[in-house]
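# need coordinates for the below:
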Amino acid sequence: MTCNYCNSDNFKYLTSSTNSTYTYCRDCNTNFDIAYKNVIIDSMLKKLLETLKCVKTDYLKIEVKKDYNTIGLIINNINVFEMDFKYEFSKKDIYYIENVIFELVQDFYDFDLSKVDIIVCE
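Okay, the predicted model is just below:
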């Protein structure tokens, strides 16, 4: 594999908490922000999954909040995840996160989807 920008083959491989692998070029840092952003999002989604296994309610309010330097996951008004996050969300990121959260919740048959509220970066 070679970098499209500097033709280097010096890549850094990052493995997230969900065992996904992300790469960036060590020489020109192409995709550096994308790789680290995705590693943090994976950690947040893993925490969501762990929390869904324990939730004992029929109503779910899931919020992903992006402040200046942090990202947070709030479930039923309880902060379950917070991490330093200096990256900006694109509309594509927000769409992706909303859909992944919906699919994760949908996989849990205990939840009535009409009683699930998902808010990403309101």
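
# show me the residue at the heart of the chain, geometrically.
Centroid-nearest residue in the chain: residue 41, 2.2 Å away (criterion: C-alpha atoms, centre = their mean).

# state the distance from that one to residue 1.
23 Å (C-beta to C-beta, to the nearest Å). C-betas here are computed from N, CA, C, even on glycine.

# now residue 12
12 Å.

# coming back round to it: three-state assignment of the residue nearest to the centre of the chain?
helix (DSSP: H, G, I helix; E, B strand; the rest coil).

# residue ranges with poor pLDDT in this protein?
109, 122 (pLDDT under 70).

# so where do the helices sit in it?
32-52, 91-107 (DSSP state H).

# turn those helices into JSON lines, including distance to residue 6.
Listed next are the helices of the chain as JSON lines, based on distance: least, C-beta to C-beta, whole Å:
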{"stretch": "helix 32-52", "distance to residue 6": "13"}
{"stretch": "helix 91-107", "distance to residue 6": "25"}
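
# tell me which of those helices lies nearest to residue 74.
Smallest distance to residue 74 across the helices of the chain (C-beta to C-beta): 10.5 Å, for helix 32-52.

# buried residues, that closest one. List them.
32, 35-48, 51-52 (16 or more other C-beta atoms under 10 Å).

# lovely, talk soon.
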